[in-house]
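J.: Just need the structure, nothing else, for what follows:
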Amino acid sequence: EAVEGGEEELGEAEDEQDMWEESYGGHSDSKPNGPTAVAMDFTFAGLDNVYGIPQHADTFSLKDTSTTDPYRLYNLDVFEYELWNPMALYASIPFMMGHSAKGSVGLFWLNAAEGFIDIKKDGQGLLGSVSSMFSAKTEKQVDTFWMFESGIMDMFIMMGPTPKDISRQYGSLTGNTPLPQEFAIAYHQCRWNYNDQEDVNMVEAKFDEHDIPMDVMWLDIEHTDGKKYFTWDSRKFPDSVAMIENLSSHGRKLVTIVDPHIKKDSGYWVHNDLSSKGLYVKNQDGGDYEGWCWPGASYYPDFLNAEARDYFAEQYKLSVYKGSTLDCYTWNDMNEPSVFNGPEVTMAKDKMHGEVEHRDMHNMYGMLYTMATHKGHLIRSENTLRPFVLTRSAYAGSQRYAAIWTGDNTAEWGHLEASIPMCLSLSIAGMGFCGADIGGFFGNPDGELFVRWYQAAAFQPFFRSHAHIDTKRREPWLYSAGEMALIRTAVRSRYALLPLWYTLFYEQEQDGTPPMRPLWYEFPEDEGSYAKEGSHMVGSSLLVAPVLTKGSTQVNVYFPGSTLWYDIWSHQKLDVSGSMNYAAPYEKIPVFQRGGTIIPRRERVRRSAALMHDDPITLVVAPDKEGKASGTLYLDDGKSFAYQQGAKLYMQFTWDNGKMESKMISPPGMSTPVWLERVLVLGSAPPPGQVATVSSPS
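T.: Prediction:
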């Protein structure tokens, strides 16, 4: 009887709801399912380097964590994040790619809970350590240990064999980045906050006055009525439509911020609607979860619920979001979600999305929010215009809905340096439309750092300057005349290459290959490139090696492969392989066109991309050692979905020792005023003696 009574008491204890409750730092986690975890070891055999699992401010080749914390995947609003460590940041994508000269392999674990990944890179695992007792040498390998707090074992292995094959295979699972509108890949000007309508008009006019192209003005949270999204402060922005139309008349757009936290305000229709419809995230007791963010007391929509996503999508209709137009696009920030009074500045794990605990889907909350925004853009234009959304938080698949940036960086040289591996890690993990705040969000960059950052960012996919509300104003004309001229040159260099960028974004939608790539992506057998930091490729044709340290006037450039390279500024031909110190005076950074490639340019740089849309094309031919080269060009209307029904031109150009040919890769589906104005052949090759056009598809 005593034994049976003891069992009865134990059973009652196990049924108590708060048995596993944990308290820490003034917060509590009820853990209704008790402590849980799911984990597995994965060994990448025959290689030294693995990459991916963004987002971390760390090297591109992931480090051994034997003596450090593991890489953490848990979306957080991190204030002034640290560099070169595995701490969690705003996005979490549980995808890792390994690469060696023998081939590439990809690993994706579909799990949105908090995760930790340990990496051991000593070249031998446990079996290797044992076998080394009996043999002189074992095959190198990277051992990884993956652990998530909850979820199931739902893994995908991609066998390549090339990096491009991995990108295609991963894209078939999670989707590829859709082709954005042309304006989105041009230059964006942002600040927290432009003060008012007059300030916006003044800044836009100054770009024209100083002959610096610009496509998008951005407004942060101060443009709203009391941090209520989908509203305007009528004193600061008395006629927002007129302001947007002024931008539109110059081929420009506006982006406004719309964060997920909803102000607790009985006079705010969004709050009242979500509350009455029961569409907020819930506490364990079924009441609406209340947190604290920019508006003060705030509630958080349950974006796992399709009804909540549909409601938010409806708010983007011009009849609802009064004061907006079809030229007003969206920035989704703070969507980790950020909760100022929550544990680690985010939502407590035991909050409820219907019957799903937040701990099980935390890392996808931000993606679900961008799904709603993306759908809202489609609804308001009746599915005619491609959306543009920028997100801070992301998960696997976010690339289908939004671009991303690296969050709240700092005006320091280290943060400029970190922007390259951070964007490369995002790129190979599907988020190819990525960039970093030029100049750093926090702090005040001096002229040299600001110039060098523009020069580097001009060759990254998302090109935006942004700054904190407490920083000094930093529009280019507020620096010295010489520094402003260098910034102008950097921005104009981006606009000249927009045809190349647009072609790369189209090709990314087709096969998953990101526009910004590691060197080994294009030179998979070049072992010297596997752990190389500080440089990258743009497509298959450009090698970019920015200046990343103060006072430097040269860069140690690693030239992969055994091909020719051409300096894009001087057109000097280089027959070099391996490392070389290369001059980088203040007015430029080292950028080289790969021998064997053809890149399209537009030489008439105007105030915005839209005004350059019909301008002629210049082809820059960089022959290889055999005198041959090839490249592609993609054209459409730059904004609609008509290209998906065939209204496009996608062509290939080939050069063979003085003979230029072009042919359509797909059937031509539109007419265009764009024409080929010039063919520039680099090196000692002769000018084209013959140009042939083949119109039939290959």
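J.: Low-confidence bits of the stretch 301-450 of the chain, can you list those?
T.: For the stretch 301-450 of the chain, applying pLDDT under 70 flags no range at all.
J.: What ranges does it have for its strands?
T.: Using DSSP state E, counting those that start in this stretch, the strands of the stretch 301-450 of the chain run over residues 328-332, 352-353, 356-357, 389-391, 403-405, 434-435.
J.: could those go into JSON lines alongside mean neighbour count and distance to Arg594?
T.: (C-beta placed from N, C-alpha, C; glycine too.) Shown next, in JSON lines, are the strands of the stretch 301-450 of the chain (neighbours: other Cβ atoms under 10 Å; distance: least, Cβ to Cβ, whole Å):
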{"stretch": "strand 328-332", "mean neighbour count": "24", "distance to Arg594": "34"}
{"stretch": "strand 352-353", "mean neighbour count": "19", "distance to Arg594": "48"}
{"stretch": "strand 356-357", "mean neighbour count": "17", "distance to Arg594": "48"}
{"stretch": "strand 389-391", "mean neighbour count": "26", "distance to Arg594": "31"}
{"stretch": "strand 403-405", "mean neighbour count": "27", "distance to Arg594": "26"}
{"stretch": "strand 434-435", "mean neighbour count": "26", "distance to Arg594": "22"}
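J.: With distance to Ile599 as new columns, can those strands be given to me in JSON lines?
T.: What follows is these, written out as JSON lines (distance: least, Cβ to Cβ, whole Å):
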{"stretch": "strand 328-332", "distance to Ile599": "28"}
{"stretch": "strand 352-353", "distance to Ile599": "47"}
{"stretch": "strand 356-357", "distance to Ile599": "48"}
{"stretch": "strand 389-391", "distance to Ile599": "27"}
{"stretch": "strand 403-405", "distance to Ile599": "23"}
{"stretch": "strand 434-435", "distance to Ile599": "20"}
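J.: among the ones you listed, which is nearest Tyr506?
T.: Evaluated with Cβ to Cβ, these place strand 403-405 nearest to Tyr506, the distance being 15.6 Å.
J.: Neighbours of the residue nearest to Pro668 when sequence neighbours are not counted, how many?
T.: Among residues not flanking Pro668 along the chain, Leu649 sits closest, at 5.5 Å (Cβ to Cβ, 6 or more residues apart in numbering). Burial of Leu649 is recorded as 19 neighbouring residues (other Cβ atoms under 10 Å).
J.: Please list all residues in contact with Leu649.
T.: Contacts of Leu649 were listed using Cβ atoms under 8 Å, 6 or more residues apart in numbering, and they are 633-636, 664, 668-670, 672.
J.: how about a markdown table for the residues you listed, with distance to Asp48 added?
T.: A markdown table is the format used below for these (distance: Cβ to Cβ, whole Å):
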| residue | distance to Asp48 |
| --- | --- |
| Leu633 | 38 |
| Tyr634 | 37 |
| Leu635 | 42 |
| Asp636 | 42 |
| Met664 | 43 |
| Pro668 | 47 |
| Gly669 | 46 |
| Met670 | 48 |
| Thr672 | 48 |
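J.: helices and strands of the protein: which one has the lowest mean pLDDT?
T.: Here the helix or strand of the chain ranked lowest by mean pLDDT, DSSP states H and E is helix 126-131, holding a mean of 41.
J.: that older thread, dig out what the residue nearest to Pro668 forms beta bridges with.
T.: Following DSSP bridges, Leu649 is listed with bridge partners Leu635.
J.: Quickly note the distance from it to Lys588.
T.: Computed as Cβ to Cβ, to the nearest Å, the Leu649 to Lys588 distance reads 32 Å.
J.: before we move on, what about Lys349?
T.: For Lys349, the distance to Lys588 (Cβ to Cβ) stands at 50 Å.
J.: cool, and Asp350?
T.: As defined by Cβ to Cβ, Asp350 lies at a distance of 54 Å from Lys588.
J.: What does Asp526 show for phi and psi?
T.: Reported as degrees, to the nearest 10, the phi and psi values for Asp526 are phi -90, psi 90.
J.: give the contact list for it.
T.: Asp526 is in contact with 519-520, 560-561, counting by Cβ under 8 Å, 6+ apart.
J.: Quick check: the two most widely separated of those residues?
T.: With distances taken as Cβ to Cβ, the most widely separated pair in those is Trp520 and Gly561, at 10.3 Å.
J.: Pick out whichever of those two has more residues nearby.
T.: A direct count of neighbours by other Cβ under 10 Å for Trp520 and Gly561 places Trp520 higher, at 25 against 19.
J.: Isn't that one up against Ser529?
T.: Yes. Counting by Cβ atoms under 8 Å, Trp520 touches Ser529, with 4.5 Å between them.
J.: Spit out the residues that contact the two alike.
T.: In contact with both Trp520 and Ser529: Pro560, using Cβ under 8 Å, 6+ apart.
J.: that older thread, which of the strands of the stretch 301-450 of the chain sits closest to Tyr51?
T.: Of all the strands of the stretch 301-450 of the chain, it is strand 434-435 that lies closest to Tyr51, at 14.5 Å by Cβ to Cβ.
J.: Give the pairing partners of the closest one; include direction for each.
T.: Using DSSP bridges, strand 434-435 pairs in its sheet with strand 403-405 (parallel).
J.: contacting residues for Ser381?
T.: When contacts are counted by Cβ under 8 Å, 6+ apart, Ser381 touches Leu326.
J.: For Glu204, pull up the helix or strand it's in.
T.: Using DSSP states H and E, Glu204 falls within helix 197-209.
J.: In that helix, which residues are buried?
T.: If you call a residue buried by 16 or more other Cβ atoms under 10 Å, then helix 197-209 has these buried ones: 197, 199-201, 203-204, 206-207.
J.: Same check on stretch 149-160?
T.: Applying a neighbour-count criterion of 16+ other Cβ under 10 Å, one finds 149-151, 158, 160 buried in stretch 149-160.
J.: Closest one of those residues to Asp285?
T.: When those are compared for distance to Asp285 (Cβ to Cβ), Ser150 wins out at 21.3 Å.
J.: okay, now the residue lying closest to that closest one once chain neighbours are set aside: neighbour count?
T.: Nearest in space to Ser150, with sequence neighbours left out and distances taken as Cβ to Cβ, 6+ apart, is Ala113 at 4.5 Å. Residue neighbour count, defined by other Cβ under 10 Å, stands at 25 for Ala113.
J.: Check whether Ala113 really touches Glu149, as I assumed.
T.: Yes. Shown here, Ala113 and Glu149 form a contact pair, counting by Cβ under 8 Å, at 4.7 Å.
J.: How about the contacts made by the residue positioned nearest the centre of the chain?
T.: In the chain, the C-alpha nearest the mean C-alpha coordinate belongs to Cys434, at 2.3 Å (Cα atoms, centre = their mean). Neighbouring residues of Cys434 by Cβ under 8 Å, 6+ apart: 403-406, 422-423, 426-427, 460-462, 516.
J.: who's in contact with stretch 148-167?
T.: Contacts of stretch 148-167 with the rest of the structure, by Cβ under 8 Å, 6+ apart, involve 33, 36-40, 97, 99, 103-116, 169-170, 173, 349, 357, 359-360, 428, 430, 511-514, 518, 520-521, 524.
J.: for the stretch 501-650 of the chain, what spans make up the helices?
T.: For the stretch 501-650 of the chain, the helices defined by DSSP state H, counting those that start in this stretch occupy 519-522.
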